[in-house]
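**Student:** for reference, the sequence and a predicted model appear below.
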Amino acid sequence: MKEIYKQIKQDIEDRKTWEDRQATAYKLRYGQIRRRLRPFPHAADYTWPLIDTNIERLKPAYVEQVLGPELIASFSSKNTQSVAYQQKVAQWFDWRVKKRSNFVKQIQHVIDAFLVGGKSFLKTYWD
C-alpha cells in the first residue's frame, strides 16, 4: 500500500506544472489575467479575445457539418441484395445517436476543444 501511495503522490507532484499551465491558459482565455507591462504609461488594461471571437464565429459551421442532413455513418453488408436495409440501418443509427443520446449536447464542447487545441474526443452513450 505504501508503494502505491508513493506512486500516486509522485504522479500528482509531476502533474503540478501542467496543472498550473492549464489554469493560466484558462485565465488568459477568459480575461482574468491583467497585463504585467502596459505598452505606454496610463494605457488602458484592456484585452480583446480575438481567438475566442474567431472560434465562436466558426462553431456554427462545424455544428452544421456534424448535425446537417448527412448521415453520421454508412453500413455495408456481404449480401448485395440488402442495399435498402443498409440505408434503413444507417438512418436508424443516425436518429439514435442524434436524438436519443448526449451527442448533440456534447458536440458543442467537442467543437470548442477542437478549435482551441487542434483535437478533441467524444464518447456517446444512450440508455
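**Tutor:** Noted; the coordinates are in hand.

**Student:** neighbours around Pro49, how many?
**Tutor:** 13 (other C-beta atoms under 10 Å). Any C-beta I mention is one placed from the backbone N, CA and C, and that applies to glycine too.

**Student:** how much space separates it from Arg29?
**Tutor:** Distance, Pro49 to Arg29, by C-beta to C-beta, to the nearest Å: 7 Å.

**Student:** likewise Ala61?
**Tutor:** Taking C-beta to C-beta, one finds Ala61 at 21 Å from Arg29.

**Student:** and for Asp20?
**Tutor:** 15 Å.

**Student:** which one of those two has more residues nearby?
**Tutor:** Arg29 (14 against 10).

**Student:** residue contacts, that one?
**Tutor:** By C-beta atoms under 8 Å, 6 or more residues apart in numbering, the contact list for Arg29 reads 49, 52, 116.

**Student:** pull the longest helix from this structure.
**Tutor:** Criterion DSSP state H: the longest helix present in the chain is helix 2-29.

**Student:** pull out the buried residues from that helix.
**Tutor:** Across helix 2-29, burial judged by 16 or more other C-beta atoms under 10 Å covers no residue at all.

**Student:** quick one: it to chain centroid distance?
**Tutor:** Its chain's C-alpha centre and that of helix 2-29 lie 21 Å apart, by C-alpha atoms, centre = their mean, to the nearest Å.

**Student:** I'd like the next helix or strand past that helix.
**Tutor:** Later in the chain than helix 2-29, the nearest helix or strand by DSSP states H and E is helix 50-67.

**Student:** helix or strand right after that next one?
**Tutor:** Taking DSSP H and E, what comes next after helix 50-67 is helix 83-99.

**Student:** so how far is that next one from its chain's centroid?
**Tutor:** 25 Å.

**Student:** buried set for that helix?
**Tutor:** 90, 94, 97-98.

**Student:** check what pLDDT the spatially most central residue of the chain gets.
**Tutor:** Central residue of the chain (C-alpha atoms, centre = their mean): Val110, 2.2 Å from the mean position. We have a pLDDT of 93 for Val110.
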